Structures are given as C-alpha cells and as structure tokens.
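Novice: I'll drop the sequence and a predicted model, then ask my questions.
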Amino acid sequence: MARRAAAASGLALATALVLPALAVPVLAPATSATDPATLSASAAPVPPDPASVAAGAAVFIATGCGNCHAVRGTAARGTAGPDLTHLASRHTLAGAMLPNTRGNLAGWITNPQSLKPGALMPALPIAPTDLQRLLDYLQSLR
Ligand code: HEC
C-alpha cells in the first residue's frame, strides 16, 4: 500500500516536472489568440520606421499629450498623467491593468474609458495615420 502510494506520488512528481514545460508553449499562443488587441499587436511591423517615429513625436506635441505627460529630453513636460519616458519598456499600461501592446495603446489613446472606466485621461480624436505614427513613437520610448 505504502509502496503503491510512493509510486503514485513519484508519477505525480514526474508529471508535475514535465507538464509545465509542455504547457507553456502550447498555452501562451492559445490565450493571446483570443485577445484582438494582441492579434493586432503581432500584425504590426516590428522595426518602426525612424521617419514615422519622428512624425509621431510631433503628433504627440500637437495633440496635447505633452500637456499632461512628460517625456524626458523633449518639450513634453506635463505632470497630470504618468511620465512616458520609458513607456515601451513597461509590460503593462494604466496601473497594471492592460498588457502593453500596440493594440491596447491604440485603444487607450482613442478611448481610455472603454479600457478603464473612470480613467482620468480624455479620449482624443486622432486621424488614423497620425495614430500609427504616434504608436511608432510611443513604442520607441524604451
Ligand atoms: C488631460 C490630461 C491628459 C492628456 C491630454 C493625455 N493624457 Fe494620457 N493619461 C492621463 C492620465 C491622468 C493617465 C492615467 C490614467 C489612469 O491610469 O487612470 C494617462 C495615461 C496614459 C497612458 C498610460 C500610461 C501608463 O503609465 O500606463 C498612456 C500611454 C497615455 N496616457 C498616452 C497619452 C497620449 C499618447 C496622449 C495624447 C494623444 C495623452 N495620453 C493625452 C492624462 C492625459
């Protein structure tokens, strides 16, 4: 009886050791594939075009983002919102609620309240091409 239990727990241990290694690569794409924001993030071009990043920096100032957010080394010195100097190095947005993906950034900028009810950032109208440049800029802030 004791020997059987030991054999069973040995099997459980072996399973516990093997399963995580199997589960991780299988589960990770399965969960992210259900998230439309993650899908659009993976469809985004990986290396942003430097001209688009520069244009996005201008959109950031012109749209008024810099009135509430600081990006060190630029004209953006606002303090009402979080400092965005190292935004792209962060894993989450808006108080750890949202994975920091391109899709979530786009959703946040165009309608913060839809992602976080009560968010203290106003929704700002931005033309689609300007939004893509702005996202290239924000994703360059490492
Ligand atoms: C009126 C002030 C205001 C303006 C203008 C504004 N924001 Fe915000 N922003 C905020 C505040 C406040 C937060 C924090 C909101 C929260 O977590 O509830 C925030 C959060 C953010 C975040 C998430 C930051 C983090 O630390 O996770 C990003 C990204 C962001 N803003 C980008 C922008 C961009 C891009 C623009 C211009 C299109 C912009 N904001 C304009 C006030 C502003």
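Specialist: Okay, I see it.
Novice: for stretch 71-81, what is the average pLDDT?
Specialist: Taken as a whole, stretch 71-81 carries a mean pLDDT of 97.
Novice: do that stretch and the ligand meet?
Specialist: Yes: Stretch 71-81 is in contact with the ligand by CB under 6 Å from any ligand atom, via 80-81. Just so you know, the C-beta spots here come from the backbone N, C-alpha and C atoms, and that holds for glycine as well.
Novice: now do stretch 48-65
Specialist: Yes: counting by CB under 6 Å from any ligand atom, the ligand has neighbours in stretch 48-65: 60, 63-65.
Novice: Turn those into JSON lines, including secondary structure.
Specialist: Formatted as JSON lines, those follow (DSSP: H, G, I helix; E, B strand; the rest coil):
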{"residue": "F60", "secondary structure": "helix"}
{"residue": "T63", "secondary structure": "coil"}
{"residue": "G64", "secondary structure": "coil"}
{"residue": "C65", "secondary structure": "helix"}
